[in-house]
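Asks: got a sequence here, can you build the structure:
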Amino acid sequence: MRVVQPSAIIKVAGKAREMKAAGQDVISLSIGVPGFLPPAHVYAAAHAAVDSDSGDYLAGRGSPALVAAFVKSLQERGFGYAENEVCAQVGGKGALFNLLLALVDAGDEVIVPAPYWASYPEMVKIVGGVPVTPLGDAAHDYKITPTQLAQALTPKTKVVIFNNPSNPTGMLYTPDEVAGLAKILATRPDVWIISDDIYDRLVFDERDAPGGRAAQLMDSVTELKQRLIIVQSVSKTYGMPGWRVGMVAAPKSVIDAVLTLTSQSFTNLPAMTMAAAAAAMDGPQDFLEGQKGRLLKQRDITLEALEAMDLLCPKPEGAFYAFPQIKGLFGLQTPGGKVVKDDVAFCELLLEEALVAVVPGGAFGDAGAIRISYAGKEAQLTEGLARMKAWIEALR
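Replies: Residues are numbered from 1 along each chain as shown. Okay, here's the model as predicted:
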């Protein structure tokens, strides 16, 4: 466990909460919370599940209603799965952890394109694997190329993780870009692919996301389905991060392995959370368009503010994050004489002196950047960005 780092996202968010509890006027732009609540019918389903509680253990795969709702959502996306090819897990994070535990042996390499979600490489290390992190830099919109992917693949590669759109950058791979990566993966039938799709409906430009969904590797190379694993969650799309319901679709052998781990760990999800998640997936979906409109507006507010700060930030086309470059500020001093040595110091000093919480980019594989979550209340976002601008302008 000494090789594993604690979550930088949770660490920053926790520090911000502590400061707020102590009476300081902290604005947190750190945690990946979508900033909206699920529709009323989701809460009604949860209440009904409580009222009809059986007192029994429940199916580890997930309730029949939840499984059916997820299978239906996959069919609507164009992917056909049987009920024995899906299962529920404790959030998308729990799903990813158990998948890596099931698939990765000691010394196996797992390709995690950077910038990456902070927990990917730490999970790989926990299960004994070796993270390989080809970098898509800001000059290339934080995306890796097929050539980079091909160069990262070795005889030791066991798994490739693909996240579109990306946390932490919000960047969206176009259908052509995804197809290019899929062609490379088609040459390696021995490699598993985990497609982390939890932001796939939070996209802003339908020219690059036909039908309002991010492109998927199976769209262009259908035979990848034999070794591709889809991870989904109700956290982001439905405003339910605290409900902890993740879903997996995969070949039956993988699902069976994950369910074995389930049987020896958490056994099953609570009836209330499964009922709520089923209602969210199976109910009306039109509420999301309004939320996407709000997120798009707040993305533009964020980009305008970052431009005024003279910080380079490729334009995110999905999720609710911006990932500006700050390395040009390294070496400068605050009015109090403290030096911005690196991304961690930037975030610590910004929180200490301007009471604004953001996350160091090094936690995501790019120590020249920071992650900003712009999904909260617009007034808080605007004020937080204004404080950040004033603080940066005072650096010397």
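Asks: in the sheet, who's paired with the residue lying closest to residue 227 once chain neighbours are set aside?
Replies: Using Cβ to Cβ, 6 or more residues apart in numbering and skipping the chain neighbours, the partner closest in space to residue 227 is residue 192 (5.3 Å). Where C-beta positions appear, they are placed from N, C-alpha and C, glycine not excepted. Beta-bridge pairing of residue 192 under DSSP bridges involves residue 159.
Asks: residue 192 and residue 39, how far apart?
Replies: Computed as Cβ to Cβ, to the nearest Å, the residue 192 to residue 39 distance reads 35 Å.
Asks: if you count surrounding residues, which of those two has more?
Replies: Ranked by neighbour count (other Cβ atoms under 10 Å), residue 192 and residue 39 place residue 192 first, with 24 against 18.
Asks: that one and residue 33, how far apart?
Replies: According to Cβ to Cβ, residue 192 stands 30 Å off from residue 33.
Asks: cool, residue 146 as well?
Replies: Distance, residue 146 to residue 33, using Cβ to Cβ: 34 Å.
Asks: cool, residue 17 as well?
Replies: 12 Å.
Asks: higher neighbour count, those two?
Replies: residue 33 (17 against 14).
Asks: can you confirm that one is in a helix?
Replies: No - assessed with DSSP: H, G, I helix; E, B strand; the rest coil, residue 33 is coil; it does not lie in a helix.
Asks: that one touches residue 375, doesn't it?
Replies: Yes - at 6.4 Å, residue 33 and residue 375 qualify as touching, with contact defined as Cβ atoms under 8 Å.
Asks: for the stretch 151-300 of the chain, which segments are assigned as strands?
Replies: Ranges of strands in the stretch 151-300 of the chain, per DSSP state E, counting those that start in this stretch, are 157-163, 192-196, 228-233, 246-249.
Asks: quick one: the ones you listed as a markdown table, columns for distance to residue 390 and mean pLDDT too.
Replies: Listed next are those as a markdown table, based on distance: least, Cβ to Cβ, whole Å; pLDDT from 0 to 100:
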| stretch | distance to residue 390 | mean pLDDT |
| --- | --- | --- |
| strand 157-163 | 34 | 98 |
| strand 192-196 | 36 | 98 |
| strand 228-233 | 37 | 98 |
| strand 246-249 | 40 | 98 |
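Asks: between those, which gets nearest to residue 329?
Replies: strand 157-163 (27.6 Å; Cβ to Cβ).
Asks: which residues does the closest one contact?
Replies: 96, 100, 103-105, 108-113, 116-117, 120, 129, 132, 149, 153, 181, 185, 188, 191-196, 199, 217 (Cβ atoms under 8 Å, 6 or more residues apart in numbering).
Asks: which helix runs longest in this protein?
Replies: Counting residues, the longest helix in the chain under DSSP state H turns out to be helix 287-308.
Asks: mind listing what's buried in that one?
Replies: Going by neighbour count (16 or more other Cβ atoms under 10 Å), the buried part of helix 287-308 is 287-288, 291-292, 295-296, 298-299, 302-303, 305-306.
Asks: that helix - what's its average pLDDT?
Replies: Mean pLDDT, computed over helix 287-308, is 96.
Asks: quick one: strands adjacent to the next helix or strand after it?
Replies: Moving toward the C-terminus from helix 287-308, the next helix or strand (DSSP states H and E) is strand 321-322. Strand 321-322 sits in its sheet next to strand 370-373 (antiparallel), going by DSSP bridges.
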